[in-house]
Each structure stands twice: as C-alpha cells, then as structure tokens.
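Colleague: mind folding the following:
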Amino acid sequence: MGGSQSREGLELSDSSEYEDDDNEEESEDQYEDAAAGDRTQTKPSSHISTETLDEVDSRLKSLKLKYPASISTPSPVVKNAVKLYLHVGGNTPKAKWVVSEKLTVYKYVKSSKIESGDDREEDWEEESEGEGFWVLKVGKKVRPRVSTDMQLKFFGEQRRVDFVDHGVWALKFLVDEEYRAFVTKFQDCLFENVYGLRATEENKLKVYGKEFIGWVKPEESDDAMWEDADEGVWKSPKESPAVARESQDLLEEFEEAASDGGIQSLALGALDNSFLVGDSGVQVVKNFSHGIHGKGVYVKFDNGGKRESSSVGHSTPKKALLMKGETNMLLMSPLKDGKPHSTGLHQLDIETGKIVTEWKFAKDGADITMRDITNDTKGSQLDPSESTFLGLDDNRLCQWDMRDRRGMVQNLVGADSPVLHWSQGHQFSRGTNFQCFAATGDGSIVVGSLDGKIRLYSRTSMRQAKTAFPGLGSPITHVDVTYDGKWILGTTDTYLILICTLFTDKDGKSKTAFSGRAGNKIPAPRLLKLTPVDSHVAGVANKFHGGHFSWVTESGKQERHLVATVGKFSIIWNFQQVKNSAHHCFQNQQGLKSCYCYKIVLKDESIVESRFMHDKFAVSNSPEAPLVVATPMKVTSFSMSGKR
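Modeller: Coordinates of the predicted model:
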C-alpha cells in the first residue's frame, strides 16, 4: 500500500468544530453570544416600551433555546466545565466526532490504581493530595493516568484538547482561562508523575539543570538557531499545509518478497548493493535510483560447522553492520532469554558467502558484553581499509579494533574465537544505563540512555561527555544524528525528540554542543508526535522505534526528511518544516512545541524498519532518495514525488 495522510483528518481537527448528532452546536454557540450580551447590561433601563419587549421576545424565540425543565433560573457557572466528545469510525471515511457528554466536569485526582472494565464506570472520589499518581477524571467515562501515553494534543484557537484513553476523546472548554489552566495543570501533573517531585520551578531546575532553561521555560527559549538551515527547495516558511503535503507525495516503485526465513533487519549500502538479513542468511538486492530490486542471490550463514558450538552463539541477528567498503558484514545476536546483550559477533564475507570468524568481546582478559555496535562515522562503511567500529553496553562506550595490538591484521584461519582489541573507551562505574548510539560525519558520538538523557562525546574522548541533554522522562530507545552534528533525533515509545545542538559562544562563533559546553544557550527541543487518532489506530502495543534522518555522507548537504516506525505505519516528517518556527503546528502551543504534520505509509504487517537510501540515489526530479520499508516477508521501495 502506498503513502497516505494522517487519518485524523486535519481539515476537521485543525480548522473545524466538532460534529453533533442532534445538531445543537449552532444553538449552543448562539446561547453563548446571547449570554455574553446580557452580561454587558448591568443597569437595565426602567423605561422599556412594549415594542422593545416584543422585539426581544421575538429574538429569543428565534434562538430556540432549551432549558432544563426543573430549573427556571440560570444556573451558576460550573467550575472545570467541559464538553466531552468521542471520535468514532476510526480511519474510515465515516469517521467523525460525536458528543459524549454535553456538559461535564474534569478533575485531576491522586490515585493508587488504574481502573479497567466496570471499575471505570464507578463514580469514585479521591483527594487531590497524598500518595499515588495523578489521574485525569472526566465525568464517569474517562480515567487515564497522566502520561505521554495519552498522546495529548492541544488546539489553542479552539480551546480544545484531544487524547487517547481506550478510545479517542476531546474536551472543549468554555473560556480561554479554563483551557490554559487545564494545560498548565496537566503539564505539572505529568512532571510529578514522571519525577516524583512537585512541579515547582526549583524542582524543574533540579531535574533539567540551570543550563537548559529552554526545557524549563520553552516560551523563553531562543529559537533563532532553529532557523539556521539550508536555503534549499524546502526553505519556504510561508508554504501552505496543502502545498507542503503535495510536495511529499510517495510513489510505490517496487515490492520484493523475502527469501528463506524472512527479514529481521535491514542493512542499506551506499554502493551497488543493500542487504536483507534473516535468521538463516542474507538476501542481496541491487540499489537503483528508484529503489532496491532483488538480484536472486541469497547468502546462507556458513561458519564452517561452528554454529552449534559457537562460543559467541548465533541466533536472529539484532544488528547488521557493513564494513570494509561494504564487502564485509558484522552480525551481532543478542543473548537468549530476551536479554539484549551479546558476548561477541560474526564477521561475514559477503563476496564468498562465508562467516570468516567469530569475534569475542573482552577487556583485560575478561569476557564482556555489548548491546549495540555502529560504524566510526556516518560514511566509514565505504572505506575498504576500515578495521575499527564502536561498541556500547549499559555502562560502556568504546572502540573495537579487528587488528592485534601490534597493528597487524589477525590471522583468522583456524582461530578459535579471536578477541577484539579494545582500542579506546571508558567503562563507567554505574548509572549511565546506555541504550543506543550513533556517530556524526567526523566521528563525534551521541548516546541515548534509559533515563531519557542524551550525551554527546567527541571522537577523542569517551570518558567525559561534552554535553548531557536532560531527559523528558521517557527512555531513549534509538538515536540518530545528522552528518554535520547540528541535529539529534531521539526515539521514545510515544514521541520523537528533535534537538538542535547549535549555540553561539562568547566570541560570537557558531558551534555544536559536541565541541563545547553551551551554557544556557541551547534552544528548547521539539517533539514529533502522532495525532491521538493515529496513535489509537496504530494500537496500544505498538511503540515508536528506529527514528532516522535521511542519509547523507557529504559535508554541506542537509538531510531532508525524518522517518520512524509504529506498528504497521512508517511515519515521515519534512525536516525543513519541523525546523520552521512559523509552521502552523507550533502556533498557540504551551510548553515544548510539537509537530503533527507527517505522511503515513501503511503496510499490512508490522514493519521491521524504515530507512531512506543514500543521498546519491536521489534523482534530479525527486527531492529525496527512495524510502525502503521492510516487513518480515517483503521489502518495498517508495520514491518521493517531485511535484511542487
């Protein structure tokens, strides 16, 4: 299936009011106008003519006002009053908003349990102080724990918020003050649920650090650095949403069935070939400017009969890393019992189809583990003489060398699991909880952690981070960085975080946070999220994974797109659009700015990985190299349309 727009329906959610089955929205709006007019008449005249009374009576009848039968006088204003809507129809053409409760109230309460089933219908009350976590209670139907899982989306102009809780809901507020109070309270409750601290300015500075004032007060952040972007075809701040969407049309080019064992991971090459890695071997495919095509070549794993007795083990490869001018591939498999670490890796010679050796990870004579490996730089897989790569474990960051200590390439023939040489790095005592990492074009390293922190290391020192960006409470499961090191993309289960590393030093020079400490000059990050409707359709069990920039390996070139995967969705953002502070998504937002403008590629099975091919495969009439989307049983290539 090809590309499609977000199924929330931007026309409905961003610019239209909700639909009501009994068609009373119009009369309610008129009632608000009439009530507002009445409040201005604080001293009605005592001399009112009969004609005036008749005219007022006629106007009131035309409004078709409806009053509760048991109340003859106006009701007092209800505190925290909202109108509750439910989204029905999913992503079908019949999808719409219907009124669930015409008038109800919300309340933030402390609870020690999450209701399910019949419990959600009970009208329970709890004090808003004490132990437990914050829950948003709306009437008798809505009880979500305050968290990023709600996928809350704000519509300032409409005084409205949408969110997920066993369905997609929307709250419509009567006045701006109530709406803004709700948003502020939500953000405070979220902070307390995440960090266990009250959302005071003192505690926020304690969590984020005084250097990152943009995380504490996004409205005071200097966004000027976000505009430090190329003046290419995407530089169009006044471009309408319709034009932006049209310029990103996706055209499906080619679909290739997987060979034996299916697809477990994707290794894209920048030269002639790319590789689909399965449990039993590697399928070789050919790179073209319109995508990848099968060559009919399948390399079965063959390590000379050592597979069963291998000291480093072998199971479904977790990571496939191209090296040595893309003639060799390193395959790392996790330990059994669901553990993400590995004691070693296999080196596959692609040209001969043989696993030439099984490497062991060891330091100072003791076996150690790794949870991730990556190339030294963005383009080092193209170097035929490359012999080093980077390794990461929970508390380790290092560089491995396949040569021995004397600088000679080790003799692999007959070797019994040779040991990789720990070239440089650091083994931290505790507390880092590293999860993932990536390298820039010059070899600087960005590392994501379990606590959400993102640390930056220079290529010359892995002991001390140059900069440590504070976490937002969600673990970083994947991280990527642009070739020039100016932008970092962190993946969490429920959103992507985009960080600009640029700052101006005391001498007025522009630097990245890889090269020095930025003080409080780093701008606030931006979040990339799914709309509540798309998040609900994607499914509760499906989380974001594998957020990537498009792929360049040349100085001066700027990545054009961002792509990530959620279940059966590949989600694509226009990078220039996200950087544009004038983008309509960012208007009237409180807190960190969030972008919801994206394209969706929907497949009929869960997606393993989505990646853009190397920039060299972009053609003159296309703004981007093809997108490759791999599912367990097939791989599909899409071209970005050049329509403007």
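
Colleague: from the contact counts, what lies against the longest strand belonging to the chain?
Modeller: What stands out as the longest strand in the chain, according to DSSP state E, is strand 96-111. With contacts taken as 3 or more C-beta pairs under 8 Å, 6 or more residues apart in numbering; DSSP states H and E, strand 96-111 sits against strand 81-88, strand 133-138, strand 168-173, helix 176-195. C-betas here are computed from N, CA, C, even on glycine.

Colleague: try 7 Å
Modeller: strand 81-88, strand 133-138 (3 or more C-beta pairs under 7 Å, 6 or more residues apart in numbering; DSSP states H and E).

Colleague: could you say which of the ones you listed is packed most deeply?
Modeller: Across the helices and strands packed on strand 96-111, the average number of neighbours (mean count of other C-beta atoms under 10 Å) peaks for strand 133-138, which reaches a mean of 21.

Colleague: endpoints of stretch 455-465, how far apart?
Modeller: Using C-alpha to C-alpha, to the nearest Å, one end of stretch 455-465 lies 6 Å from the other.

Colleague: list the contacts of that stretch.
Modeller: Contact partners of stretch 455-465, identified using C-beta atoms under 7 Å, 6 or more residues apart in numbering, comprise 397-398, 424-426, 442-447, 466-468, 513-514.

Colleague: of these, buried ones?
Modeller: In terms of neighbour count (16 or more other C-beta atoms under 10 Å), the buried residues within these are 397-398, 424-425, 442-447, 466-468, 513-514.

Colleague: of all the helices and strands packed on strand 96-111, which one is nearest residue 170?
Modeller: Of all the helices and strands packed on strand 96-111, strand 81-88 sits nearest to residue 170, with 4.1 Å by C-beta to C-beta.

Colleague: pLDDT (mean, whole number) over the closest one?
Modeller: Strand 81-88 shows a mean pLDDT of 94 in the predicted model.

Colleague: ok, so of the contacts of stretch 455-465, who is nearest residue 635?
Modeller: Minimum distance to residue 635 across the contacts of stretch 455-465 is 27.8 Å, recorded for residue 446 (C-beta to C-beta).

Colleague: my guess is the closest one contacts residue 466. True?
Modeller: No: contact criterion C-beta atoms under 7 Å: residue 446 and residue 466 do not qualify, at 10.4 Å.

Colleague: what number of residues are in the vicinity of residue 152?
Modeller: Under the neighbour criterion other C-beta atoms under 10 Å, residue 152 is assigned a count of 22.

Colleague: for it, give me the pLDDT.
Modeller: With respect to pLDDT, residue 152 has a value of 94.

Colleague: just checking, it touches residue 160?
Modeller: No: at 11.1 Å, residue 152 and residue 160 do not qualify as touching, with contact defined as C-beta under 7 Å.

Colleague: ok, which stretches of the stretch 201-350 of the chain are strands?
Modeller: In the stretch 201-350 of the chain, the segments counted as strands under DSSP state E, counting those that start in this stretch are 250-257, 265-267, 273-277, 281-288, 291-300, 319-323, 328-332, 344-349.

Colleague: I'd like to know which elements the longest one is packed against.
Modeller: So that's strand 291-300. strand 250-257, strand 281-288, strand 634-640.

Colleague: most neighbours per residue, which of the ones you listed?
Modeller: Ranked by mean neighbour count, these are led by strand 634-640 with a mean of 23 (mean count of other C-beta under 10 Å).

Colleague: convert the C-alpha atoms of that one to CSV, please.
Modeller: C-alpha atoms of strand 634-640 as CSV (Å, rounded to 0.1, in the frame of the first residue of the first chain):
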residue,chain,number,x,y,z
LYS,A,634,8.7,-8.3,1.9
VAL,A,635,10.5,-5.0,1.3
THR,A,636,9.0,-2.1,-0.6
SER,A,637,10.7,1.0,-2.2
PHE,A,638,8.9,4.3,-2.4
SER,A,639,10.1,7.4,-4.3
MET,A,640,9.4,10.9,-3.1
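
Colleague: that strand: partners in the sheet, and parallel or antiparallel?
Modeller: strand 250-257 (antiparallel), strand 627-631 (antiparallel) (DSSP bridges).

Colleague: need these in JSON lines (columns: distance to residue 433 and mean pLDDT).
Modeller: Putting the strands paired with strand 634-640 into JSON lines (distance: least, C-beta to C-beta, whole Å; pLDDT from 0 to 100) gives the following:
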{"stretch": "strand 250-257", "distance to residue 433": "37", "mean pLDDT": "78"}
{"stretch": "strand 627-631", "distance to residue 433": "29", "mean pLDDT": "95"}
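
Colleague: from the centroid of the protein, which residue is nearest?
Modeller: Nearest to the mean C-alpha position of the chain, counting by C-alpha atoms, centre = their mean, stands residue 496 at 2.2 Å.

Colleague: what about residue 298, neighbour count?
Modeller: The burial count for residue 298: 18, using other C-beta under 10 Å.

Colleague: which residues sit in contact with the residue lying closest to it once chain neighbours are set aside?
Modeller: Distance criterion C-beta to C-beta, 6 or more residues apart in numbering; nearest residue to residue 298, sequence neighbours excluded, is residue 259 at 4.7 Å. By C-beta under 7 Å, 6+ apart, the residues touching residue 259 are 278, 283, 298.

Colleague: turn those into TSV, columns for distance to residue 375 and pLDDT.
Modeller: Below are these laid out as TSV (distance: C-beta to C-beta, whole Å; pLDDT from 0 to 100):
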residue	distance to residue 375	pLDDT
278	22	88
283	21	90
298	25	86
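
Colleague: so which of these is the closest to residue 341?
Modeller: For the contacts of residue 259, the nearest to residue 341 is residue 278 (21.7 Å; C-beta to C-beta).

Colleague: with residue 439 as the reference, measure out to the closest one.
Modeller: For residue 278, the distance to residue 439 equals 26 Å [C-beta to C-beta, to the nearest Å].

Colleague: ok, now residue 537?
Modeller: Using C-beta to C-beta, residue 537 is found at 35 Å from residue 439.

Colleague: and residue 558, by the same measure?
Modeller: 18 Å.

Colleague: neighbour count: these two, which is higher?
Modeller: residue 439 (24 against 21).

Colleague: isn't the more buried one right up against residue 375?
Modeller: Yes: the pair residue 439 / residue 375 is scored as a contact, 6.4 Å apart, by C-beta under 7 Å.

Colleague: pretty sure residue 157 sits in a strand.
Modeller: No: looking at residue 157 with DSSP: H, G, I helix; E, B strand; the rest coil, it is helix, so not inside a strand.

Colleague: and the pLDDT at the nearest residue to it once chain neighbours are set aside?
Modeller: Nearest residue to residue 157, sequence neighbours excluded (C-beta to C-beta, 6+ apart): residue 588, at 5.7 Å. Note on residue 588: pLDDT of 77.

Colleague: how far away is residue 588 from residue 347?
Modeller: As judged by C-beta to C-beta, residue 588 and residue 347 stand 54 Å apart.

Colleague: so between those two, which is more surrounded?
Modeller: Counted by other C-beta under 10 Å, residue 588 and residue 347 do not tie: residue 347 has more neighbours, with 21 against 10.

Colleague: list the contacts of that one.
Modeller: Counted by C-beta under 7 Å, 6+ apart, residue 347 has contacts 328, 330, 355, 356, 357, 359.

Colleague: relative to residue 336, how far out is the third one?
Modeller: In this structure, residue 355 and residue 336 are separated by 19 Å, where distance is defined by C-beta to C-beta.

Colleague: skipping its backbone neighbours, what lies nearest residue 455 in space?
Modeller: With C-beta to C-beta, 6+ apart, the residue lying closest to residue 455 is residue 465, at 4.0 Å.

Colleague: that should have said residue 399, apologies.
Modeller: Once flanking residues are discounted, residue 399 sits nearest to residue 423: 4.3 Å by C-beta to C-beta, 6+ apart.
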